[in-house]
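**Student:** Sequence plus predicted model, see below.
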Amino acid sequence: MYQRILVPVDGSSTSAEGLAEAIRLAKLTGGRLRIVHILDELSFALGMDVYVGHSGDWLGALRANAVTLLEKARAQAQDAGVEAEVVLRDGFKAGAVHDQVVTEAVDSKADLIVLGTHGRRGLSRWAMGSSAEHILRVAPVPVLLIRAPEAAAKVESERFSLPDGQVANQ
């Protein structure tokens, strides 16, 4: 069944839900996870807003935070007895996140993609787009979408983390 499961993570509670489901599924099938985090122009641009007032290397801080995120995800999988490898795609010239997820699925010969989705609707979906929907439409393998509880996704969209780990509100 599903032996190579790709799990994109971004640090949100939604992606944590996706990771938890992927771990459960990998335990059932005896599969292994490939956990990927993607840095792109949008994450860099959003990071610049977050890091205003902080001197130093913003891109370096984004990369360091990404490595920490990936290592925590790997440890979570390993604690559950699931093999996991991590990949940081630093794709500033490789296209949008959803395109890079699909490319990673092809490159890694994934059997399944498991990802959390905010389940945005209406105007917020139109304004923010839907990476999950795009992945679902073009992925060459099955995609399992794990929808976050709406209240949690709404609260999370109003918060962001500073480089020192503190949480700020918009």
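**Tutor:** Thanks, I have it.
**Student:** lowest-confidence helix or strand of this structure?
**Tutor:** helix 122-128 (a mean of 40; mean pLDDT, DSSP states H and E).
**Student:** quick one: the helices in this structure?
**Tutor:** Assigned helices in the chain, in chain order: 13-29, 41-50, 58-79, 97-107, 122-128, 131-138, 150-157 (criterion: DSSP state H).
**Student:** mean pLDDT for those: which is lowest?
**Tutor:** The minimum mean pLDDT among the helices of the chain belongs to helix 122-128 (a mean of 40).
**Student:** Wait, Val7 touches Ala20, no?
**Tutor:** No. Under the criterion of C-beta atoms under 8 Å, Val7 is not in contact with Ala20, lying 9.8 Å apart. The way it works is simple: take the backbone N, C-alpha and C, and place the C-beta from them, glycine included.
**Student:** Between the two, which is the more surrounded one?
**Tutor:** Val7 (30 against 17; other C-beta atoms under 10 Å).
**Student:** Quick check: the gap between the closest residue to the more buried one other than its chain neighbours and Glu133.
**Tutor:** Nearest residue to Val7, sequence neighbours excluded (C-beta to C-beta, 6 or more residues apart in numbering): Ala22, at 4.4 Å. Look at Ala22 and Glu133: by C-beta to C-beta, to the nearest Å, they are 19 Å apart.
**Student:** Same check on Arg4?
**Tutor:** Distance of Arg4 to Glu133, computed by C-beta to C-beta: 23 Å.
**Student:** tell me the contacts of Arg147?
**Tutor:** Residues near Arg147 by C-beta atoms under 8 Å, 6 or more residues apart in numbering: Glu17, Gly116, Thr117, His118, Gly119.
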